[in-house]
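Trainee: here you go, sequence then predicted model.
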Amino acid sequence: MKNQLTEIISKLLSLNKISFDRKELFFQVQSHPSYPSLHAITGVLDHFNIENVAADVPVSIETLKQLPDCFIAQIIDDNGKELVTVEKGKSNYTVIKGARKKEKLSTSQFIKKFTGIIVAVEKPEHKEVTTHLSLLNNNFLLIGLAIALVLFLFNLEVSLPNIFYFLLSLIGIFISIAIIKQELGLETAIGNAFCSGGTEKKDCDAVLTSKGAELLKGYKLSDFSLLYFIILSFLTFVQIQNPNISFIISVIALPITIYSIYYQYFILKKWCLLCLTIVGVLWIQSFFILLESNNFYKIGLNDVFTFLIIATFTFLFWSFLKPILFEVNTLRKDKIKAFKFQRNFDVFHTMLNKSKPLETAIEVTNEVVFGNLNANLEIVVITNPFCGHCRPVHEVIENILLKYENEVKIIIRFYINTENIESDGVTVTTRILEFYKNEGKQVCLKAMKDIYKGMETNLWLKKWEKCNEKEVQIEILKRERNWCIENNINFTPELLINGKAYPKQYEKSELLFFIEDLIETN
């Protein structure tokens with residue numbers, strides 16, 4: 001089902017109180033080369049720097065007791081194997097499928113369905129509880145606006161049926177927007193609530209993309225629904241004391257609801273709950289029309305002109321806006337495809353193997369090396385602390401070491417001109433080399449982090465001081481620079497993966513997407 005993997009990960013993070021950007025999560029899931037596999041889940045969690053583990057565990061009661069309170073599990077259901085979010089209770093397990101569908105199972109029932117495959121996460125200490133502030137702010141803004149409108153209408157001594165009729169028109173706008181977003185493949189809270197968990201009888205996408213949904217060429221029921229409620233909202237607001245023409249339009253629209261129900265039930269034999277919600281709004285509006293007036297059919301020429309002006313401007317505006325929205329959505333899909341291709345390891349590996357491998361060994365006893373000295377995967381980083389482009393590469397190296405320190409060997413090779421031994425480049429790098437020799441990797445890495453983060457040289461030297469064995473370390477810098485010149489490496493940063501030049505078609509930061517596969521293939 002569309003977006004189900006996003007919902008599974010989203011639920012896992014929410015239950016574990018881990019903050020995340022929902023839009024970024026959706027994009028990362030959709031653009032992952034392995035989507036919709038288990039590897040896509042772990043890859044996306046890695047992208048957000050969330051500690052996670054994927055494992056195949058024994059299916060037993062003892063194992064279940066050791067699992068966290070919330071995790072992703074693979075189960076065998078009527079539809080075959082599927083991934084679900086699982087929340088442990090005292091005596092049962094809540095299996096969550098998609099956005100809303102939940103099922104409570106006893107321990108014995110869960111064991112029968114559980115395959116043993118899980119993904120679990122650990123909440124980082126520095127992460128804050130998920131609040132989705134932007135979403136909350138938007139909701140509060142809309143609620144506040146609705147309350148302000150209601151108070152304004154009450155102040156005008158507008159009747160309750162008219163107020164409810166107007167509010168239902170606004171609700172219709174929001175539902176219509178959700179329907180259009182559903183057609184475009186975008187996520188909405190309403191869409192997730194009504195359209196998740198498609199079944200044989202319930203399938204929003206099947207209804208919205210069917211031939212019967214297109215009334216005119218290029219204009220579907222969703223377009224007319226949005227136009228209808230926007231026109232109705234403006235028209236009702238400007239004629240709130242006596243919105244007779246709005247009432248007439250609502251009555252005229254009722255036969256369309258009959259068509260919608262007939263088409264879904266008899267022709268497609270599938271239901272779109274979002275569409276049925278629109279039908280419900282129209283019927284409830286009709287109820288308030290009956291409460292308010294028995295003479296609603298009486299309208300004047302001014303009412304007709306007002307309607308024509310609002311309808312014309314609304315239609316023209318939507319005719320202008322719709323192609324832009326669809327173009328943006330097409331670009332979004334193309335971006336996902338491009339990222340998916342860009343992160344395809346087979347393509348990256350092919351590009352990497354086109355490079356002739358270099359001999360990376362140097363007769364240097366004190367070159368900076370992080371990670372596992374015996375690892376099969378070796379990454380040589382040719383760098384300069386005062387090269388602006390080298391700074392993001394250093395951040396990539398830090399992230400690799402954070403997770404894969406035992407599986408990768410990273411050599412830091414400085415490309416520094418040593419003719420002026422008092423230059424900032426020589427002064428800083430000789431001290432870094434000295435730290436590595438005398439203080440160890442961690443102190444060396446901290447000193448490197450400060451200078452690569454952009455700390456001013458004088459402040460860095462004040463904190464870390466100057467090198468005490470400058471001549472010894474300068475000799476190492478000379479050997480490193482000579483090696484670069486001999487191998488025609490003239491610019492920094494440069495990366496070598498087991499001696500092969502990092503493909504120029506890729507950003508250096510994208511190495512993080514491939515590091516796991518590189519470890520597996522070496």
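Mentor: Looks like it arrived, so ask away.
Trainee: confirm Val158 sits in a strand?
Mentor: No - assignment of Val158 by DSSP: H, G, I helix; E, B strand; the rest coil gives coil, placing it outside any strand.
Trainee: so what's it closest to, chain neighbours aside?
Mentor: Closest residue to Val158 apart from its sequence neighbours, by C-beta to C-beta, 6 or more residues apart in numbering: Ile240 at 5.2 Å. C-betas here are computed from N, CA, C, even on glycine.
Trainee: count of neighbours near that neighbour?
Mentor: The tally of other residues near Ile240 (other C-beta atoms under 10 Å) stands at 18.
Trainee: next, the contact list for it, please.
Mentor: Going by C-beta atoms under 8 Å, 6 or more residues apart in numbering, Ile240 touches Leu153, Leu156, Val158, Asn162, Phe166.
Trainee: go again using 10 Å as the cut-off
Mentor: Counting by C-beta atoms under 10 Å, 6 or more residues apart in numbering, Ile240 touches Phe152, Leu153, Leu156, Val158, Ser159, Asn162, Ile163, Tyr165, Phe166, Ser246.
Trainee: out of those, who's the most crowded?
Mentor: Highest neighbour count within these, by other C-beta under 10 Å: Ser246, with 29 neighbours.
Trainee: that one reaches Leu235, doesn't it?
Mentor: Yes - using C-beta atoms under 10 Å, Ser246 is in contact with Leu235, at 5.0 Å.
Trainee: where are the low-confidence patches of this structure?
Mentor: Across the chain, the ranges flagged by pLDDT under 70 are 1-2, 98-100, 124-140, 142, 196-200, 292-297.
Trainee: show me the domain layout of it.
Mentor: 4-122, 135-339, 357-521 (automatic domain parsing).
Trainee: follow-up on the earlier one: the residue nearest to Val158 in helix, strand or coil?
Mentor: For Ile240, the assignment made with three-state DSSP gives coil.
Trainee: that one and Tyr265, how far apart?
Mentor: Ile240 sits 36 Å away from Tyr265, going by C-beta to C-beta, to the nearest Å.
Trainee: equivalent analysis for Val393, please.
Mentor: In this view, Val393 and Tyr265 are 60 Å apart by C-beta to C-beta.
Trainee: what segments of the stretch 251-400 of the chain are strands?
Mentor: In order along the chain, the stretch 251-400 of the chain carries the following strands (DSSP state E, counting those that start in this stretch): 368-371, 377-383.
Trainee: can you put those in TSV and add distance to Glu82?
Mentor: Converted to TSV, the strands of the stretch 251-400 of the chain look like this (distance: least, C-beta to C-beta, whole Å):
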stretch	distance to Glu82
strand 368-371	38
strand 377-383	34
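Trainee: can you pull the contacts of Phe514?
Mentor: Neighbouring residues of Phe514 by C-beta under 10 Å, 6+ apart: Arg343, Asn344, Phe345, Phe348, His349, Leu352, Ile497, Tyr502, Tyr506, Thr521.
Trainee: circling back: so which of the contacts of Ile240 are in helices?
Mentor: Among the contacts of Ile240, the members found in helices (DSSP state H) are Phe152, Leu153, Asn162, Ile163, Tyr165, Phe166, Ser246.
Trainee: nearest to Ile284, of the residues you listed?
Mentor: Closest to Ile284 out of the ones in helices among the contacts of Ile240 is Tyr165 (8.9 Å), distances taken as C-beta to C-beta.
Trainee: the closest one and Ile299, how far apart?
Mentor: From Tyr165 over to Ile299 the distance is 16 Å, taken as C-beta to C-beta.
Trainee: equivalent analysis for Phe154, please.
Mentor: 25 Å.
Trainee: kindly report the same for Phe320.
Mentor: The gap separating Phe320 from Ile299 is 29 Å, by C-beta to C-beta.
Trainee: before we move on, what about Leu45?
Mentor: In this view, Leu45 and Ile299 are 60 Å apart by C-beta to C-beta.
Trainee: okay, the two: which has more neighbours?
Mentor: Just comparing Leu45 and Ile299: by other C-beta under 10 Å the higher neighbour count belongs to Leu45, 24 against 18.
Trainee: so that one, which state does it fall into?
Mentor: helix.
Trainee: these two touch, right, it and Ile8?
Mentor: No - distance between Leu45 and Ile8: 11.5 Å, which falls outside the contact criterion (C-beta under 10 Å).
Trainee: so what sits against both of these two?
Mentor: Counting by C-beta under 10 Å, 6+ apart, the residues touching both Leu45 and Ile8 are Ile72, Val119.
Trainee: need the residues that contact stretch 303-318.
Mentor: 219, 223, 226-228, 230-235, 237-239, 242-246, 248-249, 299-300, 325.
Trainee: recalculate using a threshold of 8 Å.
Mentor: Asp223, Leu226, Leu227, Ile230, Ile231, Phe234, Leu235, Val238, Gln239, Asn244, Ile245, Ile249.
Trainee: keep only those of those that are in helices.
Mentor: Reading helices off the contacts of stretch 303-318 with DSSP H, I get Asp223, Leu226, Leu227, Ile230, Ile231, Phe234, Leu235, Val238, Asn244, Ile245, Ile249.
Trainee: weed out the non-buried ones from the contacts of stretch 303-318.
Mentor: Buried subset of these (neighbour count, 16 or more other C-beta atoms under 10 Å): Asp223, Leu226, Leu227, Ile230, Ile231, Phe234, Leu235, Gln239, Asn244, Ile245, Ile249.
Trainee: farthest-separated two in the residues you listed?
Mentor: Spanning the widest gap among these are Asp223 and Asn244, at 25.8 Å by C-beta to C-beta.
Trainee: what are the phi and psi angles of Val53?
Mentor: For Val53, the backbone dihedrals (degrees, to the nearest 10) come out as phi -140, psi 130.
Trainee: how many neighbours does the closest residue in space to it that isn't next to it in sequence have?
Mentor: Leaving out its chain neighbours, the residue that sits closest to Val53 by C-beta to C-beta, 6+ apart is Ala120, at 5.5 Å. Residues lying near Ala120 (other C-beta under 10 Å) number 19.
Trainee: hang on, Ala120 packs against Val57?
Mentor: No - if you go by C-beta atoms under 8 Å, Ala120 and Val57 don't touch, sitting 9.8 Å apart.
Trainee: which neighbours do these two share?
Mentor: Leu67.
Trainee: picking that back up, which helices and strands does the host helix or strand of the residue nearest to Val53 pack with?
Mentor: Of the helices and strands defined by DSSP states H and E, Ala120 is found in strand 114-122. In terms of contacts (3 or more C-beta pairs under 8 Å, 6 or more residues apart in numbering; DSSP states H and E), strand 114-122 is packed against helix 4-15, helix 38-47, strand 51-56, strand 70-77.
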